[in-house]
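Peer 1: the sequence and its predicted three-dimensional model are supplied below.
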Amino acid sequence: MKKNKPNTCLWIMLLFVVLHSACAQSPHKQGMSYVNEERLVQSSTVLLNNEQQLVPIQNLDAAKIASVHFGYNYAPVFDSLLNKYTKVQNFAGNDAKSIDDLADGLKLYNTVIVELSEAETASPALVNFINTNKKVRNVIVVLFGNGKNLAGLDRITAPIIWCGRQTPVAAMYTAQIIFGGIAASQRLNATYSTKYKAGVGFSTTKTRLQYTVPEDAGINADNLLPIDDIIHDAISLHATPGCVVFVAKDGKVIFNKAYGYHTYDHNYPDQITDIFDLASVTKISATTMEVMRLTEQGKLSLDSTVGSYLAKARNTNKNDIKVKELMMHEAGLVPYIPFYEHLKPADFSRDLSDAYPTKVAEHYFMRKGYFNDVMWPQMLNSPLKTRGQYVYSDLSMYFMREIVETVSQQPLNLYVQKQFYDPLGMQTAGFLPRNRFKKEQIAPTENDTYFRMELLDGYVHDQGAAMAGGVSGHAGLFASANDLGILYQMILNGGTYGGAQYFKPETVNLFTSRESTVTNRGYGFDRTNLDTTKHYPSRLASPQTYGHTGYTGTCFWVDPQSHLVYILLSNRVYPSDSKKFNEISVRGRVQDVVYQAISKGMQ
């Protein structure tokens, strides 16, 4: 049985399939064509049989979803949108030897989405297939075509999303209703059978990101074109071999584009699904998320001390440092310790063994217990500078990792995976990506010629995090732009996403607000610089903006005033660390363009 690979080139579909004369139209005209078609689709799309509220799908961490199509022309577009929200395996029903073979192939899935076109509603075998599956798993039917065909589905009790239009936009629209990216609101305007009468229909609410065009958020797509120029210029200057830019406005993803290649060899073009080393974005996207959860639960206090959680710290100068001081980088810690410079030949091996179990790179292994025996004591015994002054320090999040793991009794990487990434539908986010993904899916970082002596391809760039086994509080997290977009849309929403509450609004406000009296920072989160001449992170960002950057050329910024999530992921340290990316202010200039486009609106 054939399993179709989902088409991830959403915007190619959008420009060359949805908008038929793309070559003759400006991006703005293309966007307006899309919006006009979307309005027609909206008025002709009705959700039926949703008494059990299976639509939108919730609990993504427990869902194992398959999508089945038979003769539907726009199945690749439909399936591509499904896979924006969670992993959905696609099956081509027509390729099965029999309907029974198809049914057997679905045995490991607890949710099946069936795509039907007009002609297929007349097939008793397909109706029986749907009803049989409904007995053992959740089934959602999506029907495209004339409403008269609804009569053929009278016996079906599974939810049905019926759309009277058969266009690529209809495929995109209905797929997003399934996951709450778009709300269902219409009712049948005519009676089609004794079951499907005029006025029948169910409403849902929007709970997740919608994927659309800038014009759907009141922005002229032509005004975003300067982003291309900025990135192409950066690539031509070898500031970075490639990058991915993601913009969500008002809960709508209006820009998600990949540029360049993984390397300057041009072997692997960047894809919007590519996975990047997030570097210090880890501090917020992993460690701070757990701190927020534990604080909200009353298990961790920002006013408590390091010594109250970590026994080995009690006889050191770290004993009375408060958690809030660590979170604001005001504990007086040294910025970092170059751990790799202190290595001895007996500390590492080029081969994996019981004595050298910690994988630092493809052909580099640390000796057993090195972190606890050497690195941790170095941090505990490191000097302190002036408390209360801002000194950005990676050590702060080394300590926070130890604290949150002590409180939760779980490794940091497993905690955030189970509590946040999996339930949110973040398919790539996590530590140690080479355990789950092929290296071709991951943008390589540095060609390390001073420590590991090899290309870092899916192994964390930060030396200390690598020596700690790839999991640390300050670095080690990898993810795609879409995954980060999901996480920070949840934060922008005040802690809710997909119908679930991850944080209370007051918790989000506490951590994202300015808490320091000496800097612009909050607890973990960075914020707009108080010195407006610095133009950080963007000369147009509002004072409410919060986010963080990463050493490898990454960033996320959330602006509640503009209802904006902006993400840029790059591997600017390839093949070696260069200052050019930062010197030409790629991240800030792209962000400026986004704000300018918002300001200009549909002009």
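Peer 2: Thanks, I have the structure now. Numbers count the residues shown, from 1 in each chain.

Peer 1: find the residue closest to Val142 in space, skipping its chain neighbours.
Peer 2: Spatial nearest neighbour of Val142, excluding adjacent residues (C-beta to C-beta, 6 or more residues apart in numbering): Ile161 at 4.8 Å. C-beta coordinates here come from the backbone N, C-alpha and C atoms, glycine included.

Peer 1: may I see the buried residues of stretch 530-544?
Peer 2: 535-538, 540-541 (16 or more other C-beta atoms under 10 Å).

Peer 1: likewise for stretch 544-552?
Peer 2: Buried residues in stretch 544-552 (16+ other C-beta under 10 Å): 545-552.

Peer 1: mean confidence for it?
Peer 2: For stretch 544-552, mean pLDDT rounds to 98.

Peer 1: that one spans what distance, first to last residue?
Peer 2: Using C-alpha to C-alpha, to the nearest Å, one end of stretch 544-552 lies 25 Å from the other.

Peer 1: Ala597 versus the residue nearest to Gln427 when sequence neighbours are not counted, what's the distance?
Peer 2: Spatial nearest neighbour of Gln427, chain neighbours left out: Lys87 (5.5 Å); criterion: C-beta to C-beta, 6+ apart. Distance, Lys87 to Ala597, using C-beta to C-beta, to the nearest Å: 32 Å.

Peer 1: comparing the two, which residue is more hemmed in?
Peer 2: Between Lys87 and Ala597, counted using other C-beta atoms under 10 Å, Ala597 has the larger neighbour count: 26 against 13.

Peer 1: just the pLDDT for that one.
Peer 2: What the model reports as pLDDT for Ala597 is 98.

Peer 1: thought it was touching Gly218?
Peer 2: No: if you go by C-beta atoms under 8 Å, Ala597 and Gly218 don't touch, sitting 9.9 Å apart.

Peer 1: tell me the contacts of Asn447?
Peer 2: Asn447 is in contact with 454-456, 574-576, counting by C-beta atoms under 8 Å, 6 or more residues apart in numbering.

Peer 1: what's the burial count for the residue lying closest to Gln52 once chain neighbours are set aside?
Peer 2: Closest residue in space to Gln52, ignoring its immediate chain neighbours: Pro159 at 7.8 Å, by C-beta to C-beta, 6+ apart. By the criterion of other C-beta under 10 Å, Pro159 has 25 neighbours.

Peer 1: next: Gln271.
Peer 2: Gln271: 17 neighbours (other C-beta under 10 Å).

Peer 1: excluding sequence neighbours, find me the nearest residue to it.
Peer 2: Among residues not flanking Gln271 along the chain, Ala258 sits closest, at 5.3 Å (C-beta to C-beta, 6+ apart).

Peer 1: for Ser570, see how far away Phe255 is.
Peer 2: Taking C-beta to C-beta, one finds Phe255 at 16 Å from Ser570.

Peer 1: all strands for the stretch 101-250 of the chain, in order.
Peer 2: 111-116, 138-144, 160-163, 210-211, 242-249 (DSSP state E, counting those that start in this stretch).

Peer 1: which among the ones you listed is found nearest to Pro27?
Peer 2: Counting by C-beta to C-beta, Pro27 lies closest to strand 242-249 out of these; the figure is 13.8 Å.

Peer 1: helices or strands up against that closest one?
Peer 2: Where contact means 3 or more C-beta pairs under 8 Å, 6 or more residues apart in numbering; DSSP states H and E, strand 242-249 is packed against helix 226-236, strand 252-260, helix 481-492, strand 564-570, helix 586-600.

Peer 1: swap in 6 Å and give it another go.
Peer 2: In terms of contacts (3 or more C-beta pairs under 6 Å, 6 or more residues apart in numbering; DSSP states H and E), strand 242-249 is packed against strand 252-260, helix 481-492, strand 564-570.

Peer 1: deepest-packed of these, please.
Peer 2: Comparing the helices and strands packed on strand 242-249 by mean neighbour count (mean count of other C-beta atoms under 10 Å), strand 564-570 comes out on top with a mean of 27.

Peer 1: which regions of the stretch 301-450 of the chain lie under the pLDDT threshold?
Peer 2: Counting by pLDDT under 70, the stretch 301-450 of the chain shows no low-confidence range.

Peer 1: output the below-cut-off pLDDT ranges for this protein.
Peer 2: Using pLDDT under 70, the flagged stretches of the chain are 1-24.

Peer 1: contacting residues for the spatially most central residue of it?
Peer 2: A centroid search over the chain (C-alpha atoms, centre = their mean) returns Asp483, at 0.6 Å, as the residue closest to the centre. Counting by C-beta atoms under 6 Å, 6 or more residues apart in numbering, Asp483 touches 426, 428-429.

Peer 1: quick check: the residue nearest to Gln52 touching Asn49?
Peer 2: Yes: counting by C-beta atoms under 6 Å, Pro159 does reach Asn49; the two are 4.9 Å apart.

Peer 1: how about the strands of the stretch 101-250 of the chain in TSV, adding mean neighbour count and distance to Ala66?
Peer 2: Shown next, in TSV, are these (neighbours: other C-beta atoms under 10 Å; distance: least, C-beta to C-beta, whole Å):
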stretch	mean neighbour count	distance to Ala66
strand 111-116	25	5
strand 138-144	24	10
strand 160-163	24	16
strand 210-211	23	21
strand 242-249	26	27
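
Peer 1: could the ones you listed go into TSV alongside distance to Ser203?
Peer 2: Listed next are these as TSV, based on distance: least, C-beta to C-beta, whole Å:
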stretch	distance to Ser203
strand 111-116	20
strand 138-144	16
strand 160-163	13
strand 210-211	16
strand 242-249	24
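
Peer 1: nearest to Gly495, of those?
Peer 2: The closest of these to Gly495 is strand 242-249. By C-beta to C-beta, the value is 16.6 Å.

Peer 1: and the contacts of the closest one?
Peer 2: 217, 254-261, 270, 272, 481, 485, 489, 564-570, 594.

Peer 1: on that earlier part again, quick one: which of the buried residues of stretch 530-544 sit in strands?
Peer 2: Among the buried residues of stretch 530-544, none falls in strands (DSSP state E).

Peer 1: among those, which pair sits farthest apart?
Peer 2: Of all pairs in those, the most separated under C-beta to C-beta is Tyr536 and Leu540 at 11.5 Å.

Peer 1: list the buried residues of stretch 572-584.
Peer 2: Applying 16+ other C-beta under 10 Å to stretch 572-584 flags 572-575, 578, 581 as buried.

Peer 1: hey, what's the residue nearest to Gln271 bridged with?
Peer 2: Taking DSSP bridges as the rule, Ala258 bridges to Val244.

Peer 1: residues touching it, list them.
Peer 2: Here Ala258 is in contact with 244, 270-272 (C-beta under 6 Å, 6+ apart).

Peer 1: go with 8 Å
Peer 2: With C-beta under 8 Å, 6+ apart, Ala258 has these contacts: 242-244, 269-272, 274.

Peer 1: closest to Asp101 out of these?
Peer 2: Nearest to Asp101, judged by C-beta to C-beta, of these is Gln271 at 32.4 Å.

Peer 1: so which strand or helix has the closest one?
Peer 2: Gln271 belongs to no helix or strand when elements are defined using DSSP states H and E.

Peer 1: now do the one 5 residues further on
Peer 2: With elements taken from DSSP H and E, the one containing Phe276 is strand 276-277.

Peer 1: quick one on the thing from earlier: Ser193: which of the strands of the stretch 101-250 of the chain is closest?
Peer 2: Using C-beta to C-beta, the nearest of the strands of the stretch 101-250 of the chain to Ser193 is strand 160-163, at 11.9 Å.

Peer 1: which residues touch the closest one?
Peer 2: 41, 44-49, 55, 140-144, 147, 150, 153, 170, 173-174, 177-178, 184.
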